[in-house]
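>>> 3D, please:
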Amino acid sequence: MTTPAPAPAGTAPAPAGSGDLRVAVIGVGLMGADHVARLDRRTSGARVVVVNDFLAEKAEQVAAGVPGCRTVPDPFEAIRAEDVDAVVVASPGPTHGDLVLACIEAGKPVLCEKPLTTDSASALAVVRAEDAFVERTGRRLVQLGFMRRFDAEYAALKDLLDSGDLGAPLLLHCAHRNADVPPHFGSEMMINDSVVHEVDVARFLLDEEISAVTALRPTASRHAAEGASDPMMVLLETTGGRLVDVEIFVRTGVAYEVRTEVVCEDGSASIGHDAGLVRHSATAGEGVRAGRITPGFRERFGQAYDTEVQRWVDAARRGEVDGPGVWDGYAAVAVCEAGVESVRSGGRVEVRLADRAGDRSEVGAPA
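Numbering: from 1, shown residues only. Presented below is the predicted three-dimensional model:
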């Protein structure tokens, strides 16, 4: 897999010297307000000094709950503010690209919630902009908010795969279910807002790029929104010949269920049963399954978000990035673009990725 190299340690002093990292949060809806509370109450070495939102009243409300925090009406002014060392971008997806580019131009670390941008061409432009910054400074600035990489169960599954104890991974089975979503949440949003997490999980666990996507549309639930394919099966093919199937079902009426199983040459392992990692092999003994299901994503991944933000703060103070970067964001956008095309056409769609230094080209099998 082609991924950005980590920033060299010690290439820059901590932005706030020996003090806290001073953070601006752009967008304080559900996710942004959570990040403000997280930074203010559960993260060490950082404090929120500026918030911005297109709803001024909402920004004022959030800022009022954080000592020493103020609102700045213009998000680009917030990024450029002299008392801001780093930025969290949690505004609507179509705004992300320009805001992240402004952070790169200002030389400020940024944690950007997914998506990096809403199309692969603009996402690639962000990759190129950060690459140019790296050439000048030796530092990377951008981290993408794929929080599952910081979840203890996903980390344990990744460690198990990397250990080789179960042999080579062959298949990945994923289920992503929500109790309910807003009425406007249709088939394409199911790809861009939900399956995108499985796309990053597959790349993270298998350490390969995704080369093709096929969206399969079975009989829709009676609870599906008009015109939506809910549930849907999405088949991902990797450059190494592995297959990943994703069941996405966003109106189950039950709870929030996210499960992942990897099938390997010498056994299998799964997570998402509210019982930690469950391993099945000749020597592992019996696994255990629990009966409780988490009600929502914040309950399931709350600790992962806390870990993600703490590690982002710690790395930003060192002048580093410790997590998924711009290439991961770009690759996810490109795969989801192919997924949306497959939803529309009903066929298999190949993913096209650029190399880091050249033009866009079809992803091929590794040499």
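>>> just for the stretch 51-200 of the chain, where's the confidence low?
Within the stretch 51-200 of the chain, not a single segment meets pLDDT under 70.
>>> which residues in it form helices?
56-64, 75-80, 96-106, 120-137, 152-163, 187-189, 196-206 (DSSP state H, counting those that start in this stretch).
>>> which of these sits most buried?
The highest mean neighbour count among those, using mean count of other Cβ atoms under 10 Å, belongs to helix 196-206: a mean of 23. Glycine gets a C-beta too; all of them are placed from N, C-alpha and C.
>>> Dump the helices of the stretch 51-200 of the chain into CSV; add distance to R352 as well.
Output for those, formatted as CSV (distance: least, Cβ to Cβ, whole Å):
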stretch, distance to R352
helix 56-64, 39
helix 75-80, 31
helix 96-106, 19
helix 120-137, 8
helix 152-163, 27
helix 187-189, 19
helix 196-206, 15
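>>> Relative to W312, which of the ones you listed is closest?
helix 96-106 (13.0 Å; Cβ to Cβ).
>>> Which other helices and strands does the closest one contact?
helix 75-80, strand 86-89, strand 110-112, helix 120-137, strand 142-144 (3 or more Cβ pairs under 8 Å, 6 or more residues apart in numbering; DSSP states H and E).
>>> which outside residues touch the first one?
Spelled out, it's helix 75-80. 24, 26, 50-52, 72, 84, 87, 91, 95, 99, 102-103, 106, 108 (Cβ atoms under 8 Å, 6 or more residues apart in numbering).
>>> which of these count as buried?
24, 26, 50-52, 72, 84, 87, 91, 95, 99, 102-103, 108 (16 or more other Cβ atoms under 10 Å).
>>> quick one, domains of the protein?
Listed by automatic domain parsing, the domain ranges of the chain are 21-147+305-324, 148-301+333-350.
>>> give the contact list for the nearest residue to L166 once chain neighbours are set aside.
Excluding the flanking residues, the one nearest L166 by Cβ to Cβ, 6 or more residues apart in numbering is C264, at 3.7 Å. By Cβ under 8 Å, 6+ apart, the contact set of C264 is 161, 166-170.
>>> Look up which residues are beta-bridged to C264.
Using DSSP bridges, the bridge partners assigned to C264 are P169, G267.
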